[in-house]
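Peer 1: need a structure here:
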Amino acid sequence: MTLEMAKYLAMFVSEAGEHLSKLGAGLVRLESVAKEGGDTTAFVDELFRHAHSVKGMAATMQLEGIARLAHCAEDLVDAFRRRAASPDAEAVDVLLAAIDGLTGMVERASRGEAPAPDAALVARVSGAARRAREAAATQGDGPAPVSETASAPDAEGTPGEPAAPAMPLRLLAVEAEVAPGCPVPAVRGFLVVNKLARLGSIVRSAPSLEDLKAGRIPGRRVQVLIETATPAAALERALSQISDLAAVSVRLEATEREAPPAPAAREERAVEARVVRVRVELLDSFLDAVGELILATARLREVGRAVPEAFRPPLEEEVDRLHGAVKDLHDKVMAVRMTPIRVLTERLPRAVRDLARRTGKQVELEVSGDDIEIDRAILDELGDPLLHVIRNAVDHGVEAPHLRLLSGKPATGRIAVAAKREHDRVLLEIGDDGKGMDPQKLRAAAVTKGALTEAAAAALTTREALLLACLPGLSTAEKVTELSGRGVGMDAVRRGVEALGGTLDVESVSGAGTRWIFRLPLTVAVQPVLLVRVGGEVLGLPIAKVHGAAQVDLSRLERSQGAPLLPYEGKLVPVMDLGEVLGFGAASAAARSVVVAEGDRARVGLAVDALLGQQEAVLKPLVRPLDLVPGVSAVTVLGNGRPVFILDVQRLVAA
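Peer 2: Alright, predicted model coming up:
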């Protein structure tokens, strides 16, 4: 790979990853539509475009190994397009294996390698395409149709394709128009000129190569006069491998004359929306900088209180203006970070299909609300918890086809993933129509494991009993499989959701299925916290985990096993002295403020010295060795410059 092409490696990795992800999801949809006897034409055409784009981009980037495997996959998809093969489970398996291979190769390419494809995989995919053509040939009157990309000579010289015959040199005028939706049109224009330069001698280009490198491409068009022996048709095929080109035309030039300028009308067309790809790391640094500005503004406000009264109004006015500008900047940065949930859910159909085939079950996936947007940082951490729940639903929730038929259900199980907004939070629900969960079995398993006494287990509500499935090592699965059943998955799910500032809930009806609910914040960067004073220290509790607060005299409360019991919403909540839990020592005063928060298994009361109010906090992750302290999740800084630790109530109580 040349230095010029290496500049575009990150863009290639990003776009190739998107095409491969859509190719995998599209294959699963295609298989489903084919089973139902629906029209697959549009699906196949879309898959062919994705495979062709990956092949073309890889060839442009001189990653011949990726181009070769992508070409084989494209050939097999073309067999679907020409009705030479049906998208049955076996053919889809082969293509999914090719996608996995291509994904791994793209990842290696991102590290600067020039990966070679697995020879066995290439043979498997090309063999499937060859058998499809041979089968069609035996059923028809003549030879099977072969894809244009497989039979026609490619001017790019993709491995495995015959070279174009020698031709006399001719002057050809090439014009390419970049699609309106392309985020970086000048880069596409550069790729056009770069590819043509490898197929002949460039006489002139408009815009010039220097203008394209600088990002200038008037009218989104590039015009090139090239002297080449490559046929015009092969030239068009070579350029069609570059994605995001709306049109390509090649014509023979009788004489060498100036390339016609782009029509003025096109140059004066309305300015279209421009999109720029930005690295997530850069957005993270922007958000950190905005967080520092928020803290600095709070510090200025605090310092302003020491200014003489006569000078305070203009200072406070300017601080208010600064705060408004910083808040607006923060909102804009967050808007850029907000990403549709479909980025996460579009990978689920492939996962459900693979899991269902491994377990011998029939499962359909339904996704709704995937246009809901959430912070990209949350999406990045949500993949594993979501996959854990999906895996459990397929392996333990949905019954085998014959058992479903015996119970009066359709043979095919159903898993529904739905997202929706609820005020300043996002609800992500994952439900199945399987056999459901038995709270009695969970109670018994918790008692057997020693996590609860029989009396404590019996006192649990149905919801609390169902949440016992999240206890480490607790499982009611009749057998352990390679997918699940060891009692570790749901514990990881709960920890993962809570680490994001969210909560996990569950609903289940025996014989009718289970529904898991993730309640997630829109962002993890700025969260409301309740400030409390304990033993002379100021600490923060996430508002999302706080149910309420009360001022009580602990000496007048009933006790159980030495702990006060606070009546709250019709239940008795055990109260713990937060200072004693943290090692500050127990407070002597009987009259205390008690914060009712979500504990590890149920609600718990935390006795504190004083409630200091609610505040929007810019949360900072902890570094070692502070991240090893149990019960502490993050740190923020108050306006007076004082650092405040944010407590993780669940882990604090469990510790």
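
Peer 1: for the residue nearest the centre of the chain, which non-adjacent residue is closest in space?
Peer 2: Geometric centre of the chain, nearest residue: residue 344, 3.7 Å, by CA atoms, centre = their mean. Counting by CB to CB, 6 or more residues apart in numbering, residue 344 lies nearest to residue 379, which is 5.3 Å off, once chain neighbours are set aside. All C-beta spots, glycine's among them, are computed from the backbone N, C-alpha and C.

Peer 1: can you name every helix or strand that whichever strand or helix holds the one you found contacts?
Peer 2: Using DSSP states H and E, residue 379 sits in helix 376-392. The helices and strands touching helix 376-392, judged by 3 or more CB pairs under 8 Å, 6 or more residues apart in numbering; DSSP states H and E, are helix 280-304, strand 338-340, helix 342-345, helix 348-359, strand 413-422, strand 425-432, helix 489-499, strand 513-521.

Peer 1: which parts of stretch 376-395 are buried?
Peer 2: For stretch 376-395, burial by neighbour count (16 or more other CB atoms under 10 Å) applies to 376-379, 382, 385-395.

Peer 1: what of stretch 398-413?
Peer 2: Under 16+ other CB under 10 Å, the buried positions of stretch 398-413 are 398, 399, 401, 404, 409, 413.

Peer 1: same thing with stretch 101-110?
Peer 2: By neighbour count on 16+ other CB under 10 Å, the buried set for stretch 101-110 is 101, 102, 103, 105, 106, 108, 109.

Peer 1: now the helices for the stretch 151-300 of the chain?
Peer 2: With DSSP state H, counting those that start in this stretch as the criterion, the stretch 151-300 of the chain has helices at 185-197, 209-213, 232-240, 264-267, 280-304.

Peer 1: can you give me how far the third one is from the chain middle?
Peer 2: Right, helix 232-240. Counting by CA atoms, centre = their mean, to the nearest Å, helix 232-240 is centred 36 Å from the centre of its parent chain.

Peer 1: with the last one instead?
Peer 2: How far helix 280-304 lies from its chain's middle: 26 Å, per CA atoms, centre = their mean.

Peer 1: identify the residues contacting stretch 642-655?
Peer 2: Contacts with stretch 642-655, where a contact means CB atoms under 8 Å, 6 or more residues apart in numbering, come from 498, 529, 531, 538-542, 545, 576, 581-582, 597-600, 604, 606, 617, 619, 630-638.

Peer 1: quick revisit: what about the buried residues of stretch 398-413, which are in strands?
Peer 2: residue 413 (DSSP state E).

Peer 1: so which of the buried residues of stretch 398-413 is the closest to residue 470?
Peer 2: residue 398 (20.3 Å; CB to CB).

Peer 1: so the residue nearest to that closest one when sequence neighbours are not counted versus residue 223, what's the distance?
Peer 2: The shortest distance from residue 398 to any non-neighbouring residue, by CB to CB, 6+ apart, is to residue 413 (3.4 Å). From residue 413 over to residue 223 the distance is 57 Å, taken as CB to CB, to the nearest Å.

Peer 1: sorry, back to before: out of the helices of the stretch 151-300 of the chain, name the one with the poorest average pLDDT.
Peer 2: Per-segment mean pLDDT for these reaches its minimum on helix 264-267, at a mean of 40.
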